[in-house]
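Colleague: Next come a sequence and a model predicted from it.
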Amino acid sequence: MVAQGEALGLCGFLASFFNAYSEESIGSFYAENVRIVRRETEAGSEFAVQMLIWLAPFDMGVSQYLQLDFLPSSDTAGVYRVEVYIHRISGQDTYWQRVNERFVNQLRKEFLLWHTMDRDMRLYHIRAAESMLAETQAVLDGEAEARSPSATITSE
């Protein structure tokens, strides 16, 4: 569980963490298409950090879709619960289970690290998350515009 005021900052922190693994396939995983999304509901804002992940050793071909949902708690006001959704895309399921143990442990450590950060670092990650949300929204708006009938190009 995370305080409501920390949910967006934690999203920014985790997205930055995963983006650090998007340059090269060195390390325990490689992340791609990392983004933060927001959805407004009656209960309040919901956030998600979404990405594709390839897990080491890379020659096993294990890839997965990962989504970390930050949802307002129905039990406690001002608190968000975190749900982790992992969907295997490729690789043998026995390998996937084995290499995910290491990955989930690494993710757990990032949650613990968040709790050690001072106020200034948390504010930094809130601003990073807001920037990523704006980028994601711009991409989604561009995709919607490209699909709209008025965006089609006709030739005479």
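Modeller: Everything's here; your move.
Colleague: Point to the residue nearest the middle of this protein.
Modeller: Geometric centre of the chain, nearest residue: V49, 1.9 Å, by C-alpha atoms, centre = their mean.
Colleague: and it, what does it touch?
Modeller: Residues in contact with V49 (C-beta atoms under 8 Å, 6 or more residues apart in numbering) are 11, 14-15, 18, 34-36, 66-68. No exception for glycine: its C-beta is placed from N, CA and C like everyone else's.
Colleague: Now do the buried residues in the lengthiest helix in the chain.
Modeller: Identified as the longest helix of the chain according to DSSP state H is helix 119-147. Residues 122, 124-126, 128-130, 132-133, 136 are the ones in helix 119-147 that count as buried (16 or more other C-beta atoms under 10 Å).
Colleague: what does stretch 79-98 give?
Modeller: Quick answer for stretch 79-98 (16+ other C-beta under 10 Å): 80, 82, 88, 91, 96.
Colleague: Could you grab the helix/strand/coil label for T116?
Modeller: The three-state label for T116, taken from DSSP: H, G, I helix; E, B strand; the rest coil, comes out as coil.
Colleague: just E24 next, same as before
Modeller: Assignment for E24 (three-state DSSP): coil.
Colleague: can you list the weak-confidence ranges in the chain?
Modeller: For the chain, the stretches flagged by pLDDT under 70 are 25, 144, 148-156.
Colleague: for it, what spans make up the helices?
Modeller: Under DSSP H, the chain gives helices at 4-19, 93-114, 119-147.
Colleague: Spatially nearest residue to V37 (excluding sequence neighbours)?
Modeller: Spatially, and ignoring its direct neighbours in sequence, V37 is nearest to A48 (5.0 Å; C-beta to C-beta, 6 or more residues apart in numbering).
Colleague: returning to that earlier point: report the angle between the longest helix of the chain and helix 4-19.
Modeller: If you take axes from the mean of the first three to the mean of the last three C-alpha atoms, to 10 degrees, helix 119-147 sits at 70 degrees to helix 4-19.
Colleague: list the helices and strands helix 119-147 packs on?
Modeller: Helix 119-147 sits against helix 4-19, strand 29-41, with contacts defined as 3 or more C-beta pairs under 8 Å, 6 or more residues apart in numbering; DSSP states H and E.
Colleague: Out of the buried residues of stretch 79-98, list just those in strands.
Modeller: 80, 82, 88 (DSSP state E).
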